[in-house]
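>>> Below are the sequence and a predicted model; questions follow.
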Amino acid sequence: MCTGTITDVEINRRARVPAYILTIDFGEKGRRISSAQLTDNYTEKDLVGKQIVAVMNFPVKRIAGIESEVLVLGALCPKNGTVLLEPTFPVANGVAIA
(Lines give C-alpha, C1' and ligand atoms only; values in the text may rest on other atoms or scores of the structure.)
Protein backbone atom coordinates (compact mmCIF):
# COMPACT_ATOMS: atom_id res chain seq x y z
CA MET A 1 0.00 0.00 0.00
CA CYS A 2 1.16 3.51 -0.70
CA THR A 3 0.05 7.09 -1.17
CA GLY A 4 -0.90 8.73 -4.43
CA THR A 5 -2.57 11.88 -5.74
CA ILE A 6 -5.62 11.76 -8.01
CA THR A 7 -4.79 13.73 -11.16
CA ASP A 8 -7.79 13.02 -13.38
CA VAL A 9 -11.37 11.84 -12.84
CA GLU A 10 -14.06 10.85 -15.30
CA ILE A 11 -17.40 9.07 -15.03
CA ASN A 12 -17.24 5.42 -16.05
CA ARG A 13 -20.28 5.38 -18.34
CA ARG A 14 -20.06 1.59 -18.78
CA ALA A 15 -20.39 0.83 -15.06
CA ARG A 16 -23.73 -0.59 -13.87
CA VAL A 17 -23.25 1.05 -10.47
CA PRO A 18 -22.09 4.68 -10.83
CA ALA A 19 -18.29 4.86 -10.65
CA TYR A 20 -15.35 7.05 -11.53
CA ILE A 21 -12.24 6.22 -13.50
CA LEU A 22 -9.36 7.69 -11.51
CA THR A 23 -5.85 8.42 -12.77
CA ILE A 24 -3.50 8.41 -9.79
CA ASP A 25 0.11 9.63 -9.58
CA PHE A 26 2.28 7.38 -7.39
CA GLY A 27 5.52 9.30 -7.94
CA GLU A 28 8.40 7.03 -8.96
CA LYS A 29 5.97 4.09 -9.11
CA GLY A 30 4.19 5.81 -12.02
CA ARG A 31 0.59 6.63 -12.84
CA ARG A 32 -2.12 4.01 -12.43
CA ILE A 33 -5.82 3.73 -13.25
CA SER A 34 -8.53 2.66 -10.83
CA SER A 35 -12.30 2.28 -10.99
CA ALA A 36 -13.96 3.49 -7.80
CA GLN A 37 -17.58 3.72 -6.67
CA LEU A 38 -17.32 7.09 -4.97
CA THR A 39 -20.08 9.07 -6.69
CA ASP A 40 -22.34 9.24 -3.62
CA ASN A 41 -19.86 11.24 -1.54
CA TYR A 42 -17.44 12.86 -3.99
CA THR A 43 -17.74 14.97 -7.13
CA GLU A 44 -15.09 14.91 -9.84
CA LYS A 45 -13.92 18.32 -8.59
CA ASP A 46 -13.63 17.00 -5.00
CA LEU A 47 -11.33 14.18 -6.09
CA VAL A 48 -8.80 15.94 -8.35
CA GLY A 49 -5.74 16.74 -6.23
CA LYS A 50 -6.82 14.53 -3.31
CA GLN A 51 -4.19 12.26 -1.78
CA ILE A 52 -5.34 8.70 -1.21
CA VAL A 53 -4.08 5.33 -0.03
CA ALA A 54 -4.13 2.39 -2.46
CA VAL A 55 -3.13 -1.25 -2.70
CA MET A 56 -0.57 -1.53 -5.51
CA ASN A 57 0.17 -5.27 -5.72
CA PHE A 58 -3.21 -6.78 -6.60
CA PRO A 59 -3.57 -8.22 -10.10
CA VAL A 60 -5.12 -5.92 -12.71
CA LYS A 61 -8.89 -6.38 -12.75
CA ARG A 62 -11.19 -5.53 -15.65
CA ILE A 63 -14.11 -3.48 -14.31
CA ALA A 64 -16.82 -2.05 -16.56
CA GLY A 65 -14.56 -1.83 -19.57
CA ILE A 66 -11.38 -0.53 -17.92
CA GLU A 67 -8.33 -2.23 -16.47
CA SER A 68 -8.25 -1.21 -12.83
CA GLU A 69 -4.59 -1.38 -11.75
CA VAL A 70 -4.87 -0.42 -8.06
CA LEU A 71 -7.46 -0.63 -5.29
CA VAL A 72 -8.22 2.72 -3.68
CA LEU A 73 -8.97 2.20 0.02
CA GLY A 74 -12.00 3.54 1.82
CA ALA A 75 -14.13 2.86 4.86
CA LEU A 76 -17.52 1.33 4.00
CA CYS A 77 -19.94 3.09 6.32
CA PRO A 78 -23.62 2.03 6.40
CA LYS A 79 -24.62 5.62 7.20
CA ASN A 80 -22.13 7.58 5.02
CA GLY A 81 -21.24 5.22 2.17
CA THR A 82 -17.63 4.91 1.04
CA VAL A 83 -15.25 7.37 2.71
CA LEU A 84 -11.73 7.55 1.29
CA LEU A 85 -8.70 6.84 3.46
CA GLU A 86 -6.25 9.70 3.11
CA PRO A 87 -3.13 11.03 4.86
CA THR A 88 -3.76 13.66 7.53
CA PHE A 89 -0.85 15.75 6.19
CA PRO A 90 0.51 15.93 2.61
CA VAL A 91 3.19 13.33 1.90
CA ALA A 92 5.15 12.40 -1.22
CA ASN A 93 3.40 10.23 -3.78
CA GLY A 94 4.51 6.62 -3.56
CA VAL A 95 5.22 6.62 0.19
CA ALA A 96 4.70 3.16 1.66
CA ILE A 97 2.04 2.63 4.32
CA ALA A 98 3.50 1.00 7.41
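Yep, that arrived. Small disclaimer: the values here were computed from a predicted structure and weren't measured. Residues are numbered from 1 along each chain as shown.
>>> gap between the residue nearest to Gly94 when sequence neighbours are not counted and Ala96?
Spatial nearest neighbour of Gly94, excluding adjacent residues (CB to CB, 6 or more residues apart in numbering): Gly27 at 3.3 Å. C-beta: built from backbone N, CA, C; applies to glycine. Computed as CB to CB, to the nearest Å, the Gly27 to Ala96 distance reads 11 Å.
>>> Which of the two has more residues huddled nearby?
Using other CB atoms under 10 Å as the criterion, Gly27 and Ala96 rank with Gly27 on top: 14 against 9.
>>> beta partners for the spatially most central residue of the chain?
Geometric centre of the chain, nearest residue: Val72, 3.9 Å, by CA atoms, centre = their mean. In this entry, Val72 is beta-bridged to Ala54, by DSSP bridges.
>>> Report the contact partners of it.
For Val72, the contact set (CB atoms under 8 Å, 6 or more residues apart in numbering) comprises Leu22, Ile24, Ser34, Ala36, Leu38, Ile52, Val53, Ala54, Leu84.
>>> change it to 6 Å
Ser34, Ala36, Ile52, Ala54 (CB atoms under 6 Å, 6 or more residues apart in numbering).
>>> OK, contacts around the first one?
If I follow you right, that is Ser34. By CB under 6 Å, 6+ apart, the contact list for Ser34 reads Leu22, Ser68, Val70, Val72.
>>> just to revisit the earlier point, I'd like the distance between the residue nearest to Gly94 and Thr3.
8 Å.
>>> and which of the contacts of Val72 is nearest Arg16?
Nearest to Arg16 out of the contacts of Val72 is Ala36 (CB to CB; 14.4 Å).
>>> for the longest strand along the chain, which positions count as buried?
Using DSSP state E, we find that the single longest strand of the chain is strand 2-11. Residues Cys2, Thr3, Gly4, Thr5, Ile6, Val9 are the ones in strand 2-11 that count as buried (16 or more other CB atoms under 10 Å).
>>> Cool, thanks, talk later.
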